[in-house]
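Q: Provided below for reference: sequence and predicted model.
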Amino acid sequence: MKLTTVTNVSVDGVMQGLGGSDEDRRGGFERGGWALPLFSGEAETFLGQVYQRADAFLFGRRTYEIFAGSWGVMEDPGSSPIAAALNTRPKYVASSTLTDPQWVDTTVLSGDVAAAVRELKAKPGGELQVHGSGSLVRWLFDNQLVDEIILLTYPVVVGQGVRLFPDAGPDRALDLVDSRATPEGITIQVYRPTGRPQYATT
């Protein structure tokens, strides 16, 4: 399976608390819910299509618990393509502390997570998708386990909060394979990592 990360970010790279004011207040974050007013129409349709093509999902613990508490308890999950995908396909959680997941068809990956992810990627199928899960995405990126990156960039500068990539980390060149913009101003880019970047020498 191809490992694809799917991340909603602001122009300044923030991915924290996009869905609601109380979704994630770590570090005194007070600007939650910045993405939801812009998430409609083409962006919603696109993301629904992305979820539908997933064969399985991989989460960090925090995002898993947020999703389980919202998508996982919907009374009619068939009413949303996102909920339908999440509630009918295998879910994996990279966590050393989660021991009793309540969401159906969930497997906890502990111990050698890199080996477990490589084993999942070796299975036949289309996509193993990672949604949100910033710490996990950075770790997967650092360990060169990401095959494709989907970024939905919202036309807003949040000005605080956890960013997708830290101030220092590994460098990667990316090949842009698709790009579009929605009427609401959300830009959607699809990248594939291609190794280390080239730098000017003069």
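A: That came through, no problem. Treat the numbers as computed from the prediction; the structure is a model and nothing was measured.
Q: who's in contact with the worst-scoring helix or strand of the chain on mean pLDDT?
A: For the chain, using mean pLDDT, DSSP states H and E, the weakest element among its helices and strands is helix 61-70, scoring a mean of 90. Outside of helix 61-70, the residues within contact range by C-beta atoms under 8 Å, 6 or more residues apart in numbering are 19, 23-24, 59, 86, 91, 93-95, 97-98, 101-103, 106, 131-133, 135-136. To be clear about C-beta, it is placed using only N, CA and C from the backbone, and glycine gets the same treatment.
Q: Need the phi and psi values for the residue most central in space within the chain.
A: Nearest to the geometric centre of the chain sits His131, at 2.3 Å (C-alpha atoms, centre = their mean). Torsion angles at His131 (phi, psi; degrees, to the nearest 10) stand at phi -110, psi 140.
Q: again, but for the one 4 residues further on
A: Main-chain torsions, Ser135, degrees, to the nearest 10: phi -60, psi -40.
Q: In strands, which of the contacts of helix 61-70 appear?
A: Among the contacts of helix 61-70, the members falling in strands (DSSP state E) are 59, 91, 93-94, 106, 131.
Q: Contact partners for the residue nearest to the centre of the chain?
A: 6-7, 57, 59, 63, 67.
Q: how far away is it from Thr201?
A: 39 Å (C-beta to C-beta, to the nearest Å).
Q: same question, Phe39
A: With C-beta to C-beta as the criterion, Phe39 and Thr201 are 43 Å apart.
Q: the more surrounded of the two?
A: For Phe39 and Thr201, the more surrounded residue by other C-beta atoms under 10 Å is Phe39, and the numbers stand at 17 against 4.
Q: While we're on that one, how confident is the model there?
A: Note for Phe39: predicted pLDDT of 87.
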